[in-house]
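**Student:** Sequence and predicted model, in that order:
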Amino acid sequence: MRESIEMTDQQIEDVFEEATDCGVYAEDLVWSRDTIDDFIEGRKMMAERGKIEKRTDDTLIISRVQTAKGEPRKTLFVHVFGEFTASKMEL
């Protein structure tokens, strides 16, 4: 998926960081075809759904997400690049 985006790694990093205020290396991003709505729907499957801090047409930030009981709570950062979506979870 990454190779289908006509941007350099640096451009992707800059756009992601500007949208989410989260520093990132392009190789650390997880790519999918999920939409912002898919990520919001996916919260229902998590042990703790967290709090939506930011939601726009192309950016989503959810704080204090716990994917499974006993796991640390993290912040989920998501940004849409055309038909693909990049995401990162961070403590």
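**Tutor:** Arrived safely, thanks for sending.
**Student:** Please enumerate the strands of the chain.
**Tutor:** In the chain, strands defined by DSSP state E lie at 30-32, 51-55, 59-65, 74-81, 84-90, listed in chain order.
**Student:** for the third one, packing partners?
**Tutor:** Using 3 or more C-beta pairs under 8 Å, 6 or more residues apart in numbering; DSSP states H and E as the contact criterion, the elements in contact with strand 59-65 are helix 9-20, helix 36-42, strand 51-55, strand 74-81. C-beta here means a position set from N, CA and C on the backbone, and glycine is covered the same way.
**Student:** who wins for proximity to Ile62 among these?
**Tutor:** Closest to Ile62 of these, according to C-beta to C-beta: strand 74-81, at 4.5 Å.
**Student:** farthest residue from the center of this structure?
**Tutor:** In the chain, counting by C-alpha atoms, centre = their mean, Gly70 sits farthest out from the average C-alpha position, at 21.6 Å.
**Student:** one step back: most neighbours per residue, which of the helices and strands packed on strand 59-65?
**Tutor:** Stretch with highest mean neighbour count among these: strand 74-81 (a mean of 22; mean count of other C-beta atoms under 10 Å).
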